[in-house]
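Asks: coordinates only, no sequence provided:
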């Protein structure tokens, strides 16, 4: 048997939905071969590299077809093997009967079907192309914020496609890395597809900085899951390096709070992740009043732009104000 009998093997995944059975992912295998005398069919087998489980599917070529189409190209589609998301497969295509050395092999990583979309930034809307789910005339799409689960951030839209793909416009307020599209057919226990259009856009995460004049607390809370560190830093001016203050670093997994913070224009927050670092200076515009002198005296030495030498001395509310001795800066 010539080695050129098996020409190609193309792999993809597709969603199959049945009204009563729900939806599941299936591996689609498109094979191309040159029909030869004595070749009775094809067999394709998949082996999971994680579990070593094997599935096989075969197709026979009728004797009459073999006689009429010898030497011609034949296209065969296999789509009956169910797979799961993130599964690693080893796929083998061979002839029936099997001839030594006559087979095609491929490795394949199963990914969920993806939603087709376009982002209209000027109108702050995401245009979603609703797929045609076989056996399920209706389809749901929504926007959600993905934490441990995907939490609603807008209405769920139900689309009756009637076999024709449609476009749905979903408005959004912020371009967040955890803002995701989610879609699923209207069948019980349907597999949900997610994609996050802004997963590389992290700028908006660092803007959620708040200052509370009453308690003089500076705080930040992540809008999306993030892994990194937050620290106070001192920057002499725009574009200058921001020097981290000792013992001010905190993990960025949850809410970060710094109590009794002075509204110094040079005092900033520095966010560090594996992607880089970002600096936010909430007091640069002098929008906040200075704290009462009886509550805090920040001792500095040198020029007004120098970072604090030691820190702040503060009085508890139950104690009487006391005189703060300032360091000598030289003859007046």
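Replies: Thanks, I have it. Computed from a predicted model, the values in this text were never measured in an experiment. Numbers count the residues shown, from 1 in each chain.
Asks: distance check, residue 9 against residue 91.
Replies: 7 Å (CB to CB, to the nearest Å). Bear in mind the C-beta positions are built from the backbone N, C-alpha and C, glycine included.
Asks: typo on my end, residue 251
Replies: Distance from residue 251 to residue 91, by CB to CB: 43 Å.
Asks: and for residue 115?
Replies: Applying CB to CB, the value for residue 115 to residue 91 is 26 Å.
Asks: average model confidence for stretch 12-25?
Replies: Stretch 12-25 carries an average pLDDT of 72.
Asks: let me fix that, I meant to ask about stretch 188-202.
Replies: For stretch 188-202, the mean confidence score works out to 84.
Asks: over to stretch 117-128?
Replies: Here the average pLDDT along stretch 117-128 is 93.
Asks: need the helices for the stretch 201-332 of the chain, in chain order.
Replies: Counting by DSSP state H, counting those that start in this stretch, the stretch 201-332 of the chain has no helices at all.
Asks: any idea where the strands of it begin and end?
Replies: 209-212, 217-220, 229-235, 242-244, 250-251, 256-258, 267-273, 276-280, 296-298, 312-314 (DSSP state E, counting those that start in this stretch).
Asks: out of those, the one nearest residue 26 is which?
Replies: Smallest distance to residue 26 across the strands of the stretch 201-332 of the chain (CB to CB): 38.3 Å, for strand 267-273.
Asks: quick one: buried residues of the closest one?
Replies: 267, 268, 269, 270, 271, 272 (16 or more other CB atoms under 10 Å).
Asks: quick one: that strand to chain centroid distance?
Replies: Its chain's average C-alpha position is 23 Å from that of strand 267-273, according to CA atoms, centre = their mean, to the nearest Å.
Asks: mean confidence for that strand?
Replies: Mean per-residue pLDDT for strand 267-273: 95.
Asks: can you tell me the strand partners of it and which way each runs?
Replies: Strand 267-273 sits in its sheet next to strand 229-235 (antiparallel), strand 276-280 (antiparallel), going by DSSP bridges.
Asks: out of these, which is the most enclosed?
Replies: Greatest average neighbour count among these goes to strand 229-235 (a mean of 20), per mean count of other CB atoms under 10 Å.
Asks: so what's the gap between that strand and the chain middle?
Replies: For strand 229-235, the distance to the chain centre is 27 Å (CA atoms, centre = their mean).
Asks: likewise for stretch 174-186?
Replies: Counting by CA atoms, centre = their mean, stretch 174-186 comes out at 10 Å from the chain centroid.
Asks: domain-wise, how is this protein divided?
Replies: 3-109, 116-195, 203-287 (automatic domain parsing).
Asks: buried set for the strand or helix carrying residue 145?
Replies: Secondary-structure element containing residue 145, defined by DSSP states H and E: strand 138-146. Within strand 138-146, the residues that qualify as buried are 139, 140, 141, 142, 143, 144, 145, 146, counting by 16+ other CB under 10 Å.
Asks: between residue 9 and residue 91, which contacts overlap?
Replies: By CB atoms under 8 Å, 6 or more residues apart in numbering, residue 9 and residue 91 have these common neighbours: 29, 106.
Asks: circling back to that earlier point, which one of the strands paired with strand 267-273 lies nearest to residue 155?
Replies: The stretch from the strands paired with strand 267-273 with the least distance to residue 155 (CB to CB) is strand 276-280; that distance is 32.5 Å.
Asks: what about this structure, any weak spots by pLDDT?
Replies: Along the chain, segments meeting pLDDT under 70 span 1, 3, 17-23, 112-113, 131-137, 161-165, 286-332.
Asks: related to what we said a few turns ago, of residue 9 and residue 91, who's got more company?
Replies: Higher neighbour count among residue 9 and residue 91: residue 9, with 22 against 19, using other CB atoms under 10 Å.
Asks: residue 84 is in contact with residue 55, correct?
Replies: No. Counting by CB atoms under 8 Å, residue 55 stays clear of residue 84, with 11.9 Å between them.
Asks: neighbours around residue 190, how many?
Replies: Neighbours of residue 190 (other CB under 10 Å): 19.
Asks: so how far is residue 242 from it?
Replies: 49 Å.
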